[in-house]
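Q: Task: produce atomic coordinates for the following.
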Amino acid sequence: MLTVRYERLGVGAGDRLLDLGTGGGRHAYEAMRRGALVVALDTSAGEVKGVRALMDVMAREDGATLSSGGKGSAAVGDARGLPFPRHCFDRVIAAEVLEHIHEDGTVLAELARVLRPGGTIAVTVPRWAPELVNWALSDEYHETPGGHVRIYRRSALERRLAAAGLVVTGHHHAHALHSPYWWLRSAVGVGRDDHPLVRAYHRLLVWDITAATPWTRLPDAALNPLLGKSVVVYARKPV
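A: Below you'll find the predicted structure:
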């Protein structure tokens, strides 16, 4: 399930790409398949270990990665002090990261520092309106350790990117079908994975991801401007 549009970010073969807060590695893997030289960074050693293992498998066995020349590595690191020199990445992805970190201005300044002049960045965060519903329905949703510490309006995120010296070039919304799912979970209890309605909706989302069927993709695309769970903002570092 990808949130960022790679064509809009401009990812190409040979690009040096940082995937900040990689989690399960979904954006890093796709960048490798497109020929990028990927560094996946996360604070979780467990996540990094899993991402590194799958990257190794892709480098040996994945046809798209082998044909494109993509390569990947994964490391543990802190977004507030990135362990990289300035101007060392052509592309940066920070997907669903900033809402977890109090010092978001520091993180954006670090991302701008390691991005080369002329390079591009995609930042995704939960969208304001759907996120506000979750906060209203459940304190547990945002008060759990590692949970969300703020709700962004797109305009506020764009101002933070501009303050870091980046030029905003556009935006879109994604994952409309995920908004009602999280409203449901917030209503019945975030930890209630066993709830029948939660389990049924989860099966729908898994089907959408694995089958890529128009029965779910078309409604999702149509509803994104209204219900999209995430907002994606693209920016460029001036030359």
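
Q: could you measure Gly69 against Gly228, distance?
A: According to CB to CB, to the nearest Å, Gly69 stands 33 Å off from Gly228. In this view, the C-beta of every residue, glycine as well, is placed from N, C-alpha and C.

Q: ranges for the strands of this structure?
A: Along the chain, counting by DSSP state E, strands occupy 16-20, 37-42, 71-76, 89-95, 115-126, 167-174, 230-236.

Q: Give me the sheet partners of the second one and which way each runs.
A: As defined by DSSP bridges, the strand partners of strand 37-42 come to strand 16-20 (parallel), strand 71-76 (parallel).

Q: hmm, who's touching that strand?
A: Outside of strand 37-42, the residues within contact range by CB atoms under 8 Å, 6 or more residues apart in numbering are 14-23, 25, 28, 31-32, 48, 51-52, 55, 70-77, 79, 82, 84, 89.

Q: Could you list the buried residues of that strand?
A: Taking 16 or more other CB atoms under 10 Å as the basis for neighbour counts, the residues of strand 37-42 that come out buried are Leu37, Val38, Val39, Ala40, Leu41, Asp42.

Q: May I see the PyMOL selection of the buried members of the contacts of strand 37-42?
A: For selection in PyMOL, the members of the contacts of strand 37-42 meeting the burial criterion (16+ other CB under 10 Å) are listed in this command:
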select buried, resi 15+16+17+18+19+20+21+22+23+25+28+31+32+48+51+55+70+71+72+74+77+79+82+84+89
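
Q: CA atoms only for the helix or strand of the chain with the lowest mean pLDDT - export them in PDB, please.
A: Least confident element among the helices and strands of the chain, by mean pLDDT, DSSP states H and E: helix 140-143 (a mean of 84). C-alpha atoms of helix 140-143 as PDB (Å, rounded to 0.1, in the frame of the first residue of the first chain):
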ATOM      1  CA  GLU A 140      -6.400   5.800  23.500                       C
ATOM      2  CA  TYR A 141      -5.900   6.500  19.800                       C
ATOM      3  CA  HIS A 142      -3.400   9.300  20.400                       C
ATOM      4  CA  GLU A 143      -2.300   8.700  24.000                       C
END
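
Q: Give me the buried positions along it.
A: When burial is assessed from 16+ other CB under 10 Å, helix 140-143 yields the following buried residues: Tyr141, His142.
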